[in-house]
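J.: fold the following.
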Amino acid sequence: VESAHHEVTMDAPDDATRIITLKEGAVPADRDFELTWAPAAGRTPSVGLFREHVGNADYLLAFVTPPALTQAEQHPLPREVIFVIDNSGSMGGISIVQAKASLLYALGRLQPNDRFNVIRFDHTMDQLFPDAVRADAGHLGQAKAFVYALQAAGGTEMVPAMAAALTDRAAGEADHVRQVVFLTDGAIGNEQQLFDTISQMRGRSRVFMVGIGSAPNSYLMTRAAELGRGTFTHIGSVAEVEDRMRELFAKLENPAVTGLTATFSDAVADITPMAIPDVYRGEPLVLAARIDRLVGNLQIRGRVGDRPWSVTLPLANAAEGRGLSKVWARRKIADAEIARTLRQIKPEDADMAILSLALEHQLVSRLTSLVAVDQTPSRPDGAPLTLAELPINLPAGWDFAKVFGERARRPSQPAGRRADAGAVRLADARPLLPAPPSAVKLPQTATPAELDMIAGSVLLMLSLCLVV
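T.: This is a model prediction of the structure:
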């Protein structure tokens, strides 16, 4: 059991239990908390099938880990990898260091028969090469020099970079696997435009999102990876770069199970996810379904490399499980959100489906929440409502000047803000944002207006001199 971004203490009262607490007690909420663990050695099953009866329906959860191929059985195709790196202002500080280290590591993993290109973006965009080039020593040297020189500044225009990365000039080529590796913190406001771009231009490409920094836009990147039929990897610290990128490239470099389908022989089933993604070596395929009766088999088919692969699971052998109905409902809600994003169904129809599922299965969603009624009033009857402005922390590692500009007002910490022992302590050394939402906004589609005005003034003066 490991905590990547916070120091923790771990007590083990017995072999099956771990109690995790923060070593420093309450800490500033300026980064994600991530706890990772692995099954005990030798206890990772390759096949699992569970059932649960709720109301008038039966629910199933199936997971299957495809067999790993031996080195002799593997026939990986050469790859065309398009790397996209965000160097906007929100990537300032440690985030750009992580992103550059990740990209440099990725470039070092390319094989001589691979092709690649590098795209960088802020409110502008540059492609290193006009088209993908061979991963030879000369091209890799140019790419590494290009990455080393990147600085974080400017606004964030992600859509043109994604469109450039998905532009496939060899769409009919079957002898290369095409992969887009997109490194960003996801600090944008036009998420729907990005989703539309991926769904319309994806083609044969697979999109792998790499979230950089302490507080990436996980919603954006998870949904973008789903639409791009890839995966989302989060890198929260420089110490994680090599491990996380090694894990990602272990997926990219090994054969996937593609063309997956799931069918029930004798039962009528509502299965999710609707579009079954590719599965990479060591990853389980997880399916949830609501069925009318527990009879027959579940058969899963696909292709591992150039060979067919299938597994048959008798439903009668399913073990008793708990919470499967909620897993199914949560995945159906995700399916409805994706269908809404892709405009496959009307927004009002998607909302109706989400609301029905969330209420029936008592789930928090975009349209539902858990409500607690406080019976202890803090404001006496008749007392007027007051508005209090509360400062919040910048995400850990963000550079205030890079995000908001050198001349942006840095609000000072209010007097008396020191927290008592045991209370959450605001990070004193980190700039705090003012509370009014109109006071400071993240740069979404910024332009170099000041530079343009200076350049225009200089040109105007030169023109006057020429006239004189």
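J.: would Ile198 count as being in a helix?
T.: Yes - assessed with DSSP: H, G, I helix; E, B strand; the rest coil, Ile198 lies in a helix.
J.: surely it touches Met162?
T.: Yes - using CB atoms under 8 Å, Ile198 makes contact with Met162 at a distance of 6.6 Å. Every residue, glycine included, has its C-beta placed from N, CA and C.
J.: residue ranges with poor pLDDT in the stretch 301-450 of the chain?
T.: 305-306, 403, 405-448 (pLDDT under 70).
J.: mind listing the helices for it?
T.: Remark: helices assigned in the stretch 301-450 of the chain by DSSP state H, counting those that start in this stretch are 324-341, 347-361, 400-404, 449-467.
J.: quick one: the strands in the stretch 101-250 of the chain?
T.: Along the stretch 101-250 of the chain, the stretches classed as strands by DSSP state E, counting those that start in this stretch are 115-121, 125-127, 133-134, 177-184, 206-212, 232-235.
J.: quick check: Asp11 touching Ile19?
T.: Yes - the pair Asp11 / Ile19 is scored as a contact, 4.4 Å apart, by CB under 8 Å.
J.: picking that back up, out of the helices of the stretch 301-450 of the chain, which is closest to Lys144?
T.: Nearest to Lys144, of all the helices of the stretch 301-450 of the chain, is helix 400-404, at 23.2 Å by CB to CB.
J.: which ones are touching Gln271?
T.: Just so we're on the same page, residue 271 is Ile rather than Gln. Neighbouring residues of Ile271 by CB atoms under 8 Å, 6 or more residues apart in numbering: 262, 264, 287-289.
J.: need the per-residue pLDDT for it.
T.: If you check Ile271, the pLDDT there is 90.
J.: before we move on, back to that, worst average pLDDT in the strands of the stretch 101-250 of the chain?
T.: Taking the mean pLDDT of these, strand 232-235 comes last: a mean of 86.
J.: tell me the buried residues in that one?
T.: Neighbour counts using 16 or more other CB atoms under 10 Å place 232-235 of strand 232-235 among the buried residues.
J.: so which residues make contact with that strand?
T.: Contacts for strand 232-235 (CB under 8 Å, 6+ apart): 32, 34, 98, 102, 208-212, 216, 218, 221-222, 224-225, 241, 244-245, 247-248.
J.: let's go with 6 Å and repeat that
T.: Applying CB atoms under 6 Å, 6 or more residues apart in numbering, the external contacts of strand 232-235 come out as 98, 102, 209-212, 221-222, 225, 241, 244, 248.
J.: which pair in those spans the largest distance?
T.: It's Thr222 and Val241 that sit farthest apart of the contacts of strand 232-235, by CB to CB, at 20.4 Å.
J.: neighbour count: the two, which is higher?
T.: Between Thr222 and Val241, counted using other CB atoms under 10 Å, the more crowded position is Val241 (23 against 17).
J.: show me what contacts that one?
T.: 101-102, 235.
J.: repeat that for Phe63.
T.: Contacts of Phe63 (CB under 6 Å, 6+ apart): 48, 284, 286.
J.: for the last one, which residues are in contact?
T.: Contacts of Val286 were listed using CB under 6 Å, 6+ apart, and they are Phe63.
J.: tell me how far it lies from Pro308.
T.: 21 Å (CB to CB, to the nearest Å).
J.: mind picking the two most distant members of the contacts of Ile271?
T.: Phe264 and Ala288 (13.0 Å).
J.: show me which of the two is the more surrounded one.
T.: Counted by other CB under 10 Å, Phe264 and Ala288 do not tie: Ala288 has more neighbours, with 23 against 19.
J.: doesn't that one lie inside a strand?
T.: Yes - per three-state DSSP, Ala288 lies within a strand segment.
J.: just checking, it touches Asp270?
T.: No - contact criterion CB atoms under 6 Å: Ala288 and Asp270 do not qualify, at 9.4 Å.
J.: got any residues that touch both of the two?
T.: Between them, Ala288 and Asp270 share no contacting residue, judged by CB under 6 Å, 6+ apart.
J.: where along the stretch 151-300 of the chain do the helices fall?
T.: Remark: helices assigned in the stretch 151-300 of the chain by DSSP H, counting those that start in this stretch are 158-166, 191-201, 218-227, 241-252.
J.: for the shortest one, the distance to its chain's centre please.
T.: When C-alpha coordinates are averaged (CA atoms, centre = their mean, to the nearest Å), helix 158-166 and its chain have centres 17 Å apart.
J.: taking strand 177-184 as reference, get the angle to that helix.
T.: If you take axes from the mean of the first three to the mean of the last three CA atoms, to 10 degrees, helix 158-166 sits at 160 degrees to strand 177-184.
J.: of all the residues in stretch 78-96, which ones are buried?
T.: 79-96.
J.: from those residues, which land in helices?
T.: For the buried residues of stretch 78-96, the ones inside helices are 94-96, with DSSP state H as the criterion.
J.: any weak-confidence spans in the stretch 51-200 of the chain?
T.: Scanning the stretch 51-200 of the chain for pLDDT under 70 picks out the ranges 67-77, 174-175, 189.
J.: about what we covered before: tell me the one of the contacts of Val241 nearest Gln299?
T.: Closest approach between the contacts of Val241 and Gln299, by CB to CB: Ile235, at 37.8 Å.
J.: from Thr184, how far off is that closest one?
T.: Counting by CB to CB - Ile235 and Thr184 are separated by 11 Å.
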